[in-house]
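Trainee: Pasting the sequence and the predicted coordinates here, then a few questions.
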Amino acid sequence: MSDDRVRVQIGASGVATVTMVRADKHNALDHAMFEGLVHAAEEVAGAASVRAVVLHGEGKSFCSGLDVASFMDRRGGTSVLLGRDDDREANFAQRVTYDWSTVPAPVIAAIHGNCFGGGLQIALGADIRIAAPDAKLSVMEVKWGLVPDMGITQTLPRLVPIDVAKELTFTGRIVSGSDAVALGLVTRTADDPLAAALALAEEIAQKSPDAVRAAKRLYNETWVSNDASAALSLESELQTGLIGRPNQIAAVMAGMSGEPPVFVDPE
């Protein structure tokens, strides 16, 4: 069933498109959708040929959040989402957001229609978010008497001040894509967010995959850290690992000759 919920396509350029496929339910999250997203993240993370990932929803919405009714009909209800393997930091529900940060290549979310609750948390797990101006976004869990618990502590603090996070969470208010840019929830807007995300992914795919992956790791591990020594050391460590490698040499040669670079897949 999970294979029917999420589709993964990897193009010749190395751009992977991950599509949530439950348009009749605005891509609401049932158990199969959770499984599908986890498997999709594992697939693109394990593919050395992937240079960038575009994550989006089929139909009228990105993702409308948790399909509460489907879990009420399921044995164990939503408690099945809270299980955690001993060797993982994130539980099952958190993995559909947190695992995008562990994909070595950049992940771009293309947001349109409704992006509520768990759907917003999935989008926050991406590195970059492009939203339609009229998209609707909400930290909606308070509507159901809950707190957001799908990895939001690892994403929202990097994007907005704590007072903004609290106001959005305490009220569950819906903001437009345009308002979300002003708040810092999304990177920018585009009338066709999927086309814009794919264009950006293609642009990133033309850069050295070693450098792009290293840059993602550098920022992910240091952005909100107060350990300046460790952050500066990581800069040096990553740079040392890039200098003189085939892809770094290819980037230099391309820059000097004006010819398109030819990169190899990361090891």
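Mentor: Cool, the structure landed.

Trainee: Tell me how confident the model is about the host helix or strand of Ala110, as a mean pLDDT.
Mentor: Element membership of Ala110, judged by DSSP states H and E, is strand 107-111. The pLDDT scores in strand 107-111 average 98.

Trainee: other SSEs contacting whichever helix or strand comes after it?
Mentor: With elements assigned by DSSP H and E, the helix or strand that comes after strand 107-111 is strand 114-116. Helices and strands touching strand 114-116, by 3 or more CB pairs under 8 Å, 6 or more residues apart in numbering; DSSP states H and E, are strand 136-138. In this view, the C-beta of every residue, glycine as well, is placed from N, C-alpha and C.

Trainee: which parts of the very next helix or strand once past the strand it packs on are buried?
Mentor: Next along the chain after strand 136-138, taking DSSP H and E as the criterion, comes helix 162-171. The neighbour-count check on helix 162-171 (16 or more other CB atoms under 10 Å) flags Ala165, Leu168, Thr169 as buried.

Trainee: And for stretch 91-102?
Mentor: Those would be Asn91, Phe92, Ala93, Gln94, Arg95, Val96, Thr97, Tyr98, Asp99, Trp100, Ser101, for stretch 91-102 by 16+ other CB under 10 Å.

Trainee: swap in stretch 145-161?
Mentor: Pro148, Met150, Gly151, Ile152, Gln154, Thr155, Leu156, Leu159, Val160.

Trainee: before we move on, the earlier item: output the buried residues of helix 162-171 as TSV; include the columns pLDDT and distance to Gly241.
Mentor: Shown next, in TSV, are those (pLDDT from 0 to 100; distance: CB to CB, whole Å):
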residue	pLDDT	distance to Gly241
Ala165	98	35
Leu168	98	39
Thr169	98	39
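
Trainee: Strand partners (parallel or antiparallel) of the strand holding Ala110?
Mentor: strand 52-57 (parallel), strand 128-131 (parallel) (DSSP bridges).

Trainee: Which one of the ones you listed lies nearest to Ser13?
Mentor: Evaluated with CB to CB, the strands paired with strand 107-111 place strand 52-57 nearest to Ser13, the distance being 8.8 Å.

Trainee: Tabulate the CA atom coordinates of that closest one in PDB.
Mentor: Extracted in PDB, the C-alpha atoms of strand 52-57 (Å, rounded to 0.1, in the frame of the first residue of the first chain):
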ATOM      1  CA  ALA A  52      18.700  17.300  -5.500                       C
ATOM      2  CA  VAL A  53      15.200  16.300  -4.400                       C
ATOM      3  CA  VAL A  54      11.900  17.900  -5.100                       C
ATOM      4  CA  LEU A  55       9.100  17.000  -2.700                       C
ATOM      5  CA  HIS A  56       5.500  17.800  -3.500                       C
ATOM      6  CA  GLY A  57       1.900  16.600  -3.400                       C
END
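
Trainee: So which residues make contact with it?
Mentor: Outside of strand 52-57, the residues within contact range by CB atoms under 8 Å, 6 or more residues apart in numbering are 14-20, 23, 26-27, 44, 62-63, 100, 103, 105-113, 119, 122-123, 126, 193-194, 197-198, 200-202, 204-205, 212.

Trainee: Out of those residues, which sit inside helices?
Mentor: 44, 100, 119, 122-123, 193-194, 197-198, 200-202, 204-205, 212 (DSSP state H).

Trainee: quick one: which of these is nearest Arg51?
Mentor: For those, the nearest to Arg51 is Ala205 (3.8 Å; CB to CB).

Trainee: wait, that closest one sits on Arg51?
Mentor: Yes - at 3.8 Å, Ala205 counts as touching Arg51 under the criterion of CB atoms under 8 Å.

Trainee: So for those two, which residue has more residues nearby?
Mentor: Between Ala205 and Arg51, counted using other CB atoms under 10 Å, Arg51 has the larger neighbour count: 28 against 21.

Trainee: Could you report the pLDDT at that one?
Mentor: Predicted confidence (pLDDT) for Arg51: 98.

Trainee: ok, back up a step: okay if I get the strands paired with strand 107-111 as TSV plus mean neighbour count and distance to Arg245?
Mentor: Below are the strands paired with strand 107-111 laid out as TSV (neighbours: other CB atoms under 10 Å; distance: least, CB to CB, whole Å):
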stretch	mean neighbour count	distance to Arg245
strand 52-57	28	20
strand 128-131	27	25
